[in-house]
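> compute the structure for the input listed below.
(one chain, ligands or ions: 1)
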Amino acid sequence: MLEELKEKVCQANLDLVKHGLVLFTWGNASAIDRNQRLVVIKPSGVSYSQMKSAEMVVVNLAGEVIEGRYKPSSDTATHLELYKAWPEIGGVVHTHSTYATAWAQTGYDIPIVGTTQADYFYGDIPCTRDMSVDEIDRAYELETGKVIIERFENLNPTEMPGVVVKNHGPFTWGRSIEEAVHNSAVMEEIAKMTYISSQINSKMTMNTHLTEKHYKRKHGKNAYYGQ
Ligand SMILES: O=C(CO)[C@@H](O)[C@H](O)COP(=O)(O)O
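Alright, predicted model coming up:
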């Protein structure tokens with residue numbers, strides 16, 4: 001069942017290593033089959049060097065294992081919360097990439113100060129709030145997903161395909177798992193660029209019109225060129 005999706009999910013997890021976004025068993029990637037209402041995700045604690053598509057785990061939206069001999073990723077509940085909240089996404093990725101995780105540890109949003117970010121993220125990349133003690137105790141059940149969704153109360157996950165979870169790390173998503181991986185690699189590069197810029201000029205600025213122009217040019221919404 002879902003053999004083709006398992007292949008895609010396995011390749012996406014291996015691409016996290018290729019892009020230098022994870023070490024050891026850190027991070028995880030998943031994809032959803034909306035017709036079957038099933039999610040394929042990386043097995044928990046399995047080294048990427050040994051990873052094969054047959055080891056991917058299939059869960060339903062309640063998080064119950066439907067297929068697979070390994071436990072699903074420890075972040076499965078977070079992936080599922082995002083799929084349930086946002087029907088437009090098809091893939092979710094979580095990494096511990098260095099610069100994006102460093103921003104997550106600061107508690108600061110990644111400010112938009114360049115057109116590279118504007119091409120993918122329509123504004124500052126948000127950081128979630130501190131969790132309460134009770135929420136921390138349930139972080140790997142539902143709470144991490146819930147604080148992400150809360151943070152997106154006034155944000156569009158299509159226009160902002162990523163977040164940094166405070167004291168944890170980045171989560172990105174996309175219409176497909178391949179797009180989610182791409183957004184993860186882009187977020188890491190942006191986080192690095194923005195950190196370097198902040199060391200040169202702590203008072204960085206960018207005209208919001210430049211953000212608007214670049215994002216809409218790339219995504220065709222009310223494109224400035226021709227519409
Ligand atoms: O963020 C975390 C744990 O805090 C995860 O990304 C782990 O680093 C990988 O866990 P598994 O997906 O292997 O369960």
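> isn't there a strand covering Phe171?
Yes. Counting by DSSP: H, G, I helix; E, B strand; the rest coil, Phe171 is located in a strand.
> tally up the residues packed near it, please.
Neighbours of Phe171 under the rule other CB atoms under 10 Å: 30. Just so you know, the C-beta spots here come from the backbone N, C-alpha and C atoms, and that holds for glycine as well.
> tell me what it is bridged to.
Beta-bridge pairing for Phe171 (DSSP bridges): His94, Val163.
> contacts only, for the nearest residue to Tyr215 once chain neighbours are set aside.
Excluding the flanking residues, the one nearest Tyr215 by CB to CB, 6 or more residues apart in numbering is Tyr122, at 4.6 Å. Going by CB atoms under 8 Å, 6 or more residues apart in numbering, Tyr122 touches 156, 159-160, 211, 215.
> how long is stretch 24-34 end to end?
End-to-end distance for stretch 24-34, by CA to CA, to the nearest Å: 30 Å.
> sorry, back to before: for the residue nearest to Tyr215, which three-state class applies?
coil.
> and it, how far is that from Val17?
Between Tyr122 and Val17 the computed distance is 29 Å (CB to CB, to the nearest Å).
> got it, and Lys216?
Distance from Lys216 to Val17, by CB to CB: 34 Å.
> just Ala185 next, same as before
Separation of Ala185 from Val17 (CB to CB): 12 Å.
> again with Met56
Taking CB to CB, one finds Met56 at 16 Å from Val17.
> so between these two, which is more surrounded?
Set side by side, Met56 and Val17 show more neighbours around Met56, with 28 against 17, by other CB under 10 Å.
> which residue, other than its chain neighbours, is closest to the more buried one?
Going by CB to CB, 6+ apart, Met56 has Lys6 as its nearest residue, at 4.2 Å.
> which element is that neighbour on?
helix 3-18 (DSSP states H and E).
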